[in-house]
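>>> need a structure here:
(one chain, ligands or ions: 1)
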Amino acid sequence: MCRVADQTFDRYSSNTVNRKGKGTAIVWFRNDLRILDNEALFKAWASSETVLPVYCVDPRLFGNTYYFGFPKTGALRAQFIIECLADLKKNLMKRGLNLLIRHGKPEEIIPSLVQAFAAHTVYAQKETCSEEVNVERLVNKALLQVKLAPFPEKSTGQCSTNNPKLQLVWGSTMYHMDDLPFSTNTIPDVYTQFRKSVEAKCTIRCCFKIPTSLAPPPSVEDWGCVPSIDQLGLQSQKVNKGMNFLGGESAALCRVFEYFWKKDLLKIYKETRNGMLGPDYSTKFSPWLASGSLSPRFICEEVIRYEKERQANDSTYWVLFELIWRDYFRFLSTKYGNSIFHLGGPRKVERRWSQDQRLFESWRDGCTGYPLIDANMKELFTTGFMSNRGRQIVCSFLVRDMGIDWRMGAEWFETCLLDYDPCSNYGNWTYGAGIGNDPREDRYFSIPKQAQTYDHEGEYVAYWLPQLQKLQKDKRHFPEKSYIEQIVPLKYGNPKKHQSQERAFATRQTKGFDR
Ligand SMILES: Cc1cc2nc3c(=O)[nH]c(=O)nc-3n(C[C@H](O)[C@H](O)[C@H](O)COP(=O)(O)OP(=O)(O)OC[C@H]3O[C@@H](n4cnc5c(N)ncnc54)[C@H](O)[C@@H]3O)c2cc1C
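Have a look, this model is predicted:
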């Protein structure tokens with residue numbers, strides 16, 4: 001596995017980059033747990049004689065519960081982040097550095113390190129949602145209190161005052177924020193308009209090449225250890241079924257290699273991407289993208305390389321198309337701010353929602369009596385992953401068939417998902433609940449129709465609900481007395497009644513509408 005990652009690192013490294021900086025710079029790692037194409041790391045290196053890479057294990061992220069009482073970070077995602085940190089530490093060490101790991105709030109740790117190492121700048125990746133932005137604000141404020149000793153200029157011998165700065169860089173999307181053809185307030189609300197505009201008017205920047213050696217490391221007595229799951233106040237959870245993801249940049253690069261080159265699956269992505277069972281119907285890049293151990297620009301460069309060396313078709317393009325959805329939700333979060341978390345969503349839609357605990361728990365625990373819902377919810381809890389198809393179906397069921405407050409569903413996803421990302425999660429939930437920024441979207445997913453189209457033989461449900469294996473394939477989705485009772489009737493109980501709406505949707509898709 002490491003050979004693939006090492007070869008990729010080699011291709012994206014350089015030993016000819018100039019280093020003109022002075023003193024020490026800090027890289028504060030956040031959701032950018034990678035070396036390759038990491039602008040904050042590159043800038044810290046270029047602007048200093050020595051770099052101190054830091055990760056703060058923030059107690060607000062681990063062990064805390066949220067509005068509806070679920071843990072903010074579930075055990076599986078915490079484990080994934082632990083693996084990301086271990087891999088980052090190892091890869092930094094290979095380049096002559098290390099990762100300093102401290103437990104506590106960044107606004108307390110970072111300024112004290114700045115003081116101790118007389119660091120002139122802290123580089124970090126910019127976030128867009130309120131909790132993360134608030135931490136940036138607090139770090140910035142605390143840095144203003146740090147007084148460093150005057151710094152003698154080599155050329156003049158004079159002393160200049162040296163106020164430490166927080167420099168935030170944009171790094172989470174495929175298109176760069178600064179290259180967008182619109183200002184924050186005028187980002188189009190309709191995805192197609194957004195996509196067409198960026199495709200026509202922007203180019204995707206190249207990946208940053210990182211120096212082969214990042215040495216010398218600063219003198220640090222105790223670099224700290226990668227935390228264990230117990231230290232994060234969580235109980236270890238083993239994945240014994242379904243997808244088992246390994247966190248970290250090395251595993252991410254291996255997955256790109258496997259999906260694109262070894263298994264040659266990129267050329268059929270568009271035909272398989274709506275699947276639900278197995279490792280290969282879609283890329284499975286999302287957990288690494290969310291933790292920043294994989295750069296979307298790197299994926300784009302690999303797609304282009306594949307198109308040159310193997311073939312270009314609708315499928316190769318479609319991976320980029322999906323990554324533009326990811327960008328779109330991230331950029332929209334800068335336009336709509338906290339409203340993506342509010343009950344009425346960005347459009348402030350007024351609707352009555354229920355918070356019926358019994359209904360919600362049956363959904364959460366996969367006991368609704370609808371195998372398609374239950375199988376997906378069991379997969380989510382067991383593995384921390386669910387297909388895009390599954391997410392849309394369970395979201396529609398919770399919101400439209402049960403009428404439950406969509407935020408409860410979104411928050412449960414936030415706890416469980418390995419790929420949890422506030423912009424994509426809340427963006428998709430508001431979209432699915434019909435209160436998102438795009439007023440045209442109000443879609444109901446009919447379970448019989450979805451089962452028929454995407455799990456015709458009932459293989460997916462039988463995998464997650466083994467009690468259905470003994471049933472005839474055509475009975476697995478509607479097992480009646482052989483399964484638990486349905487907790488609510490479907491809003492459109494008769495699938496035929498609903499077919500015209502589904503047909504309209506299918507027509508839109510074939511006519512080239514998005515989604
Ligand atoms: C209710 C709901 C909640 C979701 N929550 C999240 C979340 O917290 N984090 C997250 O990364 N994705 C989320 N998604 C989007 C999508 O389901 C996942 O990105 C996708 O299933 C990940 O699997 P993959 O990497 O194999 O995707 P692929 O199909 O291989 O797509 C490639 C990449 O494109 C991006 N992408 C694809 N679809 C979407 C989408 N609808 N929105 C944003 N990005 C997309 C992802 O980064 C993905 O890794 C959510 C979707 C729904 C309907």
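
>>> contacts and neighbour counts: CA atoms only from here.
OK.

>>> how many neighbours does residue 117 have?
18 (other Cα atoms under 10 Å).

>>> For it, which non-adjacent residue is spatially closest?
residue 24 (6.9 Å; Cα to Cα, 6 or more residues apart in numbering).

>>> Quick check: the one you found vs residue 46, distance?
Counting by Cα to Cα, to the nearest Å, the gap from residue 24 to residue 46 is 11 Å.

>>> In contact with residue 341, which residues?
407, 426 (Cα atoms under 8 Å, 6 or more residues apart in numbering).

>>> In the stretch 101-250 of the chain, what residue comes closest to the ligand?
The stretch 101-250 of the chain approaches the ligand most closely through residue 173 (9.6 Å), counting by Cα to the nearest ligand atom.

>>> Can you tell me the SS state at that residue?
Following DSSP: H, G, I helix; E, B strand; the rest coil, we place residue 173 in the coil state.

>>> Now for it: which residues touch it?
Contacts of residue 173 (Cα under 8 Å, 6+ apart): 295, 296, 297, 326, 327, 330.

>>> surely the fourth one meets residue 424?
Right, residue 326. Yes: contact criterion Cα atoms under 8 Å: residue 326 and residue 424 qualify, at 6.3 Å.

>>> List, one by one, the residues from the protein near the ligand.
273, 282-286, 290, 319, 322-323, 325-326, 387-388, 391-392, 395, 419-421, 424-425, 428-429 (Cα under 6 Å from any ligand atom).

>>> bridging residues for the residue nearest to residue 117?
When assigned by DSSP bridges, residue 24 has beta-bridge partners residue 50, residue 119.

>>> cool, and the one 4 residues further on?
Each beta-bridge partner of residue 28 is listed here, defined by DSSP bridges: residue 54, residue 124.

>>> got a pLDDT number for it?
Residue 28 is assigned 98 on the pLDDT scale.

>>> so how far is the ligand from it?
22 Å (Cα to the nearest ligand atom, to the nearest Å).

>>> What of residue 453?
Residue 453 sits 17 Å away from the ligand, taking Cα to the nearest ligand atom as the criterion.

>>> Okay, and that residue sits in which element?
helix 447-454 (DSSP states H and E).

>>> Let's verify the residue most central in space within the chain: helix, strand, or coil?
The centre of the chain sits closest to residue 290, judged by Cα atoms, centre = their mean, with a distance of 2.4 Å. Secondary structure state of residue 290, per three-state DSSP, is helix.

>>> for the stretch 1-150 of the chain, what spans make up the strands?
13-14, 24-29, 50-57, 100-103, 119-125 (DSSP state E, counting those that start in this stretch).

>>> quick one: average pLDDT of stretch 466-476?
97.

>>> Show the buried residues in the residues of the chain next to the ligand.
273, 282-286, 290, 319, 323, 325-326, 387, 391-392, 395, 419-421, 424-425, 428-429 (16 or more other Cα atoms under 10 Å).

>>> Which ones among those residues map onto helices?
286, 290, 319, 323, 325-326, 391-392, 395, 424-425, 428-429 (DSSP state H).

>>> Let's have those residues in TSV, adding pLDDT and distance to residue 376.
Putting those into TSV (pLDDT from 0 to 100; distance: Cα to Cα, whole Å) gives the following:
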residue	pLDDT	distance to residue 376
286	98	17
290	98	21
319	98	23
323	98	23
325	98	22
326	98	22
391	98	8
392	97	11
395	98	11
424	98	19
425	98	16
428	97	17
429	97	16
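
>>> Need the max-distance pair from those.
The span of those, defined through Cα to Cα, is set by 319 and 395 at 22.9 Å.

>>> Any stretches of the protein with poor pLDDT?
1, 151-161, 439-442, 494-515 (pLDDT under 70).

>>> where's residue 38 relative to residue 123, distance?
For residue 38 relative to residue 123 (Cα to Cα), the value is 11 Å.

>>> should've said residue 264
Going from residue 264 to residue 123 by Cα to Cα gives 38 Å.

>>> ok, the two, which is more surrounded?
Each of residue 264 and residue 123 has its neighbours counted (other Cα under 10 Å); residue 123 has more, 23 against 14.
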